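Engineer: Quick one, what's the 3D model for this:
(one chain, ligands or ions: 1)
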Amino acid sequence: MTDRDRAAVCQGPYGGDNGIDDCGDPVRFEVARHLRAPLRVCPVHLGPALLLAAGVLWPPGIILVG
Ligand SMILES: [Zn+2]
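Structural biologist: From the prediction side, this is the model:
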């Protein structure tokens, strides 16, 4: 899998550190994070990512993509 492919799939719910539990669904939202790359997630993992991923801003900054 290339970096480009990886950027197009969900990194939720914990920001890409999920190991074998990576979601792999297409990205629909980009969540802004403090001092980290934006977190790209699918609709299912948008909520969990906001609550569980490291560095998420509050109130959240969310961009619709894809
Ligand atoms: Zn997902």
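Engineer: Tell me where this protein is predicted with low confidence.
Structural biologist: Per-residue confidence for the chain (pLDDT under 70) gives these ranges: 1-7, 15-21.
Engineer: Could you verify that residue 48 is part of a helix?
Structural biologist: Yes: judged by DSSP: H, G, I helix; E, B strand; the rest coil, residue 48 forms part of a helix.
Engineer: ok, stretch 51-66 near the ion or not?
Structural biologist: No: using C-beta under 5 Å from the ion, stretch 51-66 stays clear of the ion, coming no nearer than 11.5 Å. Bear in mind the C-beta positions are built from the backbone N, C-alpha and C, glycine included.
Engineer: send the alpha carbons of that stretch over as CSV?
Structural biologist: Output in CSV follows, covering the C-alpha atoms of stretch 51-66 (Å, rounded to 0.1, in the frame of the first residue of the first chain):
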residue,chain,number,x,y,z
LEU,A,51,-13.5,11.6,21.3
LEU,A,52,-10.5,9.2,21.3
ALA,A,53,-7.8,10.3,18.8
ALA,A,54,-4.8,12.3,20.2
GLY,A,55,-4.6,16.1,19.6
VAL,A,56,-8.1,16.7,18.3
LEU,A,57,-9.1,20.3,18.7
TRP,A,58,-12.2,21.3,20.8
PRO,A,59,-14.5,22.5,19.5
PRO,A,60,-13.6,20.2,16.6
GLY,A,61,-12.5,21.5,13.2
ILE,A,62,-14.0,19.1,10.6
ILE,A,63,-13.7,19.4,6.8
LEU,A,64,-15.9,17.3,4.4
VAL,A,65,-13.7,15.6,1.8
GLY,A,66,-14.1,12.9,-0.8
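Engineer: which residues are contacting that stretch?
Structural biologist: The contact list for stretch 51-66 (C-beta atoms under 8 Å, 6 or more residues apart in numbering) reads 8, 12-15, 26-36, 38-40, 46, 49-50.
Engineer: among those residues, which are in reach of the ion?
Structural biologist: Within the set of those, contact with the ion (C-beta under 5 Å from the ion) is found for residue 12.
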